[in-house]
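Undergrad: sequence below, structure please.
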Amino acid sequence: MTVVFLASALLIGGLLAVQASVNLQLNKAVGTAYGASTLQLAISAALLALVTGIAGGWGALGSVGEVIAHDPWKLLGGIASPIYITSAILLFPRLGALASVGLFVTGQMFASIVLDVGGLLGVQQRSLGPGTILGAVAVLAGIVVVIRGQGGRVQSSTASRSAWIVLGLVAGAVLPVQGAVNAALRVEFDDPMATGMWSFLVATATIAVVLIVLLLAGRTPRPQVAPLRAVPWWGWLGGVAAAVYVTVTFTVIPHIGAATTIALTVTGQQLASAAIDHRGWFQLPAKPVTMVRLGGLVALIAGCALVQLA
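TA: Next up, the predicted model:
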């Protein structure tokens, strides 16, 4: 059974990279990253609500009142989804798939190590061994090489580029936190589909409020609906990918740990994002994987493996 959990973590990592790429099509059509994120998250919530209803899991929501009374933080895991999705939409055109996902990976790895070592948010505590430390250093070195390997391909000032890099790190860090919080909520709900549905309902409500505030403040364009007719079929898969990723993540973390889950997930992310970058799939500009960037990718994957085996 452990093999199934390990394989699942690897596969959903690739799915996460695909999700971030195809969501750019919604962004182009809607005309605002916040509107595109709201639409994608609403699709995920609707899909999981349907599956939950078919599986007869709606009754699990009866535990919400009790959770609010004792551990309200367990209900807030969904807030991470709009942070990650919106960040990916903003970063991919600016840094490329490989560099963006590399930043997500770095944030994920360090956050997962903190969760594991500290035994935070219900995650089983694990010791910080030399393998974990060496793996973390390798991940950090790898992302530095990948970012520097972009060279002149990134058209932005140094200050602006630094801000995008920080955003990528934060967006990656919230994912393992979300997985741990949702894993704790699943214990309360005792239903994985209901847990995923609740997570995306919170996510949709969060980004919808942000969108409304930005619209009222005149800080984002009004979302467009008509151009959605021209979105290719695969441009709508982001919602499905997000729903699968979140549900599988909080399912496997209690069995193999946060660090191992993220190690495998980010390996899948890196491999998929390298292919997307190199080939220019999903109508993204092709960014050939040079030997320098390939070296950074290898360091990232090696670091993830060290964390997993530690």
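Undergrad: all helices of the stretch 101-250 of the chain, in order?
TA: For the stretch 101-250 of the chain, applying DSSP state H, counting those that start in this stretch gives helices covering 130-148, 158-189, 192-216, 238-256.
Undergrad: what angle separates the third one from helix 238-256?
TA: Using axes from the mean of the first three to the mean of the last three Cα atoms, to 10 degrees, one finds that helix 192-216 and helix 238-256 are set 130 degrees apart in direction.
Undergrad: try the first one
TA: Helix 130-148 runs at 160 degrees relative to helix 238-256, counting by the same axes, to 10 degrees.
Undergrad: tell me which other helices or strands helix 130-148 touches.
TA: Applying 3 or more Cβ pairs under 8 Å, 6 or more residues apart in numbering; DSSP states H and E, one finds that helix 130-148 contacts helix 97-118, helix 291-309. From N, CA and C alone the C-beta is placed, and that goes for glycine too.
Undergrad: quick check: mean pLDDT of the longest one?
TA: The predicted model gives helix 97-118 an average pLDDT of 83.
Undergrad: next one: stretch 145-153
TA: Stretch 145-153 comes out at a mean pLDDT of 63.
Undergrad: got it, and stretch 297-307?
TA: Mean predicted confidence for stretch 297-307 is 78.
Undergrad: stretch 3-15 now?
TA: 86.
Undergrad: in it, what's buried?
TA: The neighbour-count criterion (16 or more other Cβ atoms under 10 Å) identifies 5-6, 8-15 as the buried residues of stretch 3-15.
Undergrad: narrow those to those in helices?
TA: 5-6, 8-15 (DSSP state H).
Undergrad: where in the stretch 101-250 of the chain is pLDDT low?
TA: The model of the stretch 101-250 of the chain has pLDDT under 70 over residues 147, 149-159.
Undergrad: can we see that at 50?
TA: Applying pLDDT under 50 to the stretch 101-250 of the chain flags the ranges 152-154.
Undergrad: redo the helices and strands packed on helix 130-148 as JSON lines? Include mean neighbour count.
TA: Shown next, in JSON lines, are the helices and strands packed on helix 130-148 (neighbours: other Cβ atoms under 10 Å):
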{"stretch": "helix 97-118", "mean neighbour count": "26"}
{"stretch": "helix 291-309", "mean neighbour count": "20"}
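Undergrad: in a markdown table: these, plus distance to residue 61.
TA: Below are these laid out as a markdown table (distance: least, Cβ to Cβ, whole Å):
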| stretch | distance to residue 61 |
| --- | --- |
| helix 97-118 | 26 |
| helix 291-309 | 35 |
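Undergrad: nearest to residue 160, out of the ones you listed?
TA: helix 97-118 (14.3 Å; Cβ to Cβ).
Undergrad: what angle separates the closest one from helix 158-189?
TA: Going by the same axes, to 10 degrees, helix 97-118 makes 50 degrees with helix 158-189.
Undergrad: packing partners for helix 97-118?
TA: Partner elements for helix 97-118 (3+ Cβ pairs under 8 Å, 6+ apart): helix 2-30, helix 80-95, helix 130-148, helix 158-189, helix 258-279, helix 291-309.
Undergrad: helices or strands up against the first one?
TA: This points to helix 2-30. helix 33-54, helix 80-95, helix 97-118, helix 238-256, helix 258-279.
Undergrad: picking that back up, as TSV, the ones in helices among the buried residues of stretch 3-15 with distance to residue 103 would be great.
TA: Below are these laid out as TSV (distance: Cβ to Cβ, whole Å):
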residue	distance to residue 103
5	26
6	24
8	24
9	20
10	20
11	22
12	19
13	15
14	17
15	18
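Undergrad: nearest to residue 28 among the residues you listed?
TA: residue 15 (21.2 Å).
Undergrad: could you find the closest non-adjacent residue to the closest one?
TA: Closest residue to residue 15 apart from its sequence neighbours, by Cβ to Cβ, 6 or more residues apart in numbering: residue 241 at 4.8 Å.
Undergrad: how near is that neighbour to residue 199?
TA: Here residue 241 is placed at a distance of 15 Å from residue 199 (Cβ to Cβ, to the nearest Å).
Undergrad: more neighbours: those two, which one.
TA: residue 199 (31 against 22; other Cβ atoms under 10 Å).
Undergrad: quick one: contacts for that one?
TA: Residues counted as contacts of residue 199 (Cβ atoms under 8 Å, 6 or more residues apart in numbering) are 77-78, 81, 178, 182, 185, 246.
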